[in-house]
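In: A predicted structure for the sequence below; I have some questions about it.
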Amino acid sequence: MKKLELKHLAPYLPYNLKVFDDYYSEIRYLAALAFSDCGIVKQLHYPSQTREYNEIKPILHPLSDLTKEIEHNGEKFVPIEWLNENKSVRLIKVINTGRYEVFSENTGTTNIRFWEYCIIEKLFEWHFDVFGLIKDGLAIDINTIKQ
C-alpha cells in the first residue's frame, strides 16, 4: 500500500486544499508542510496544531469529475470544457469499456502522466486527484463529503 508523501501534497499548497483531520474528525485547510526529526509533519490551518502525514487525508475530486460540473471558489463550470476553451489544448471524453476517459489530442493518450503541465497545474488548483490517492485510500472523494 502506498503512503501519503510530501510529493503528493506539495503541489496543492498554493490552492487552499481542504483535508480531513482524523484526530479531530474535522475538515481543515492544509497551510504548510514542514519536516521534523521523525518524518514529515503537516501544519494545518490553525498554526498551533500539527498532524503527522497519516492523520490527514486530502479531499479531492476524482478524475471522472472532469466531465461534470464542479464548483471552485464560488464559480461553477465543467473542467474539461474550461480547459478546451482557455488552455489551447484539446481534451475530449471517450467511452472505453463502459466508462468515460479523458483523452488529450495534443499528446494522443488518456494517460495523465503524459499530459501537458499546464493542464496538470489546473488540476492541482481545482483539487483533482492527480496521483490516484482516492483509489489507495489516502484521500477522500469530495463527492462523498456532506456539505
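Out: Perfect, I can see it now. If you're wondering where the values come from, they're calculated on a predicted model, not measured in any experiment.
In: The nearest residue to D136 once chain neighbours are set aside: what secondary structure?
Out: The spatially closest residue to D136, leaving aside those adjacent along the chain, is K2, at 4.7 Å (C-beta to C-beta, 6 or more residues apart in numbering). C-beta: built from backbone N, CA, C; applies to glycine. With DSSP: H, G, I helix; E, B strand; the rest coil as the basis, the three-state label of K2 is coil.
In: what does the one 5 residues further on give?
Out: Using three-state DSSP, the three-state assignment for K7 comes out as helix.
In: And it, how far from L13?
Out: Noted for K7: a distance of 12 Å to L13, by C-beta to C-beta, to the nearest Å.
In: Break this protein into its domains for me.
Out: The chain breaks down into these domains under automatic domain parsing: 6-60+135-141, 63-128.
In: G137: neighbouring residues, count only.
Out: Look at G137: counted by other C-beta atoms under 10 Å, it has 11 neighbours.
In: And P14, by the same measure?
Out: When neighbours are counted by other C-beta under 10 Å, P14 registers 10.
In: Wait, a strand at it?
Out: No - judged by three-state DSSP, P14 forms no part of a strand; its state is helix.
In: so who does it touch?
Out: Residues counted as contacts of P14 (C-beta atoms under 8 Å, 6 or more residues apart in numbering) are E125.
In: Could you do P11 as well?
Out: P11 neighbours (C-beta under 8 Å, 6+ apart): F124, V130.
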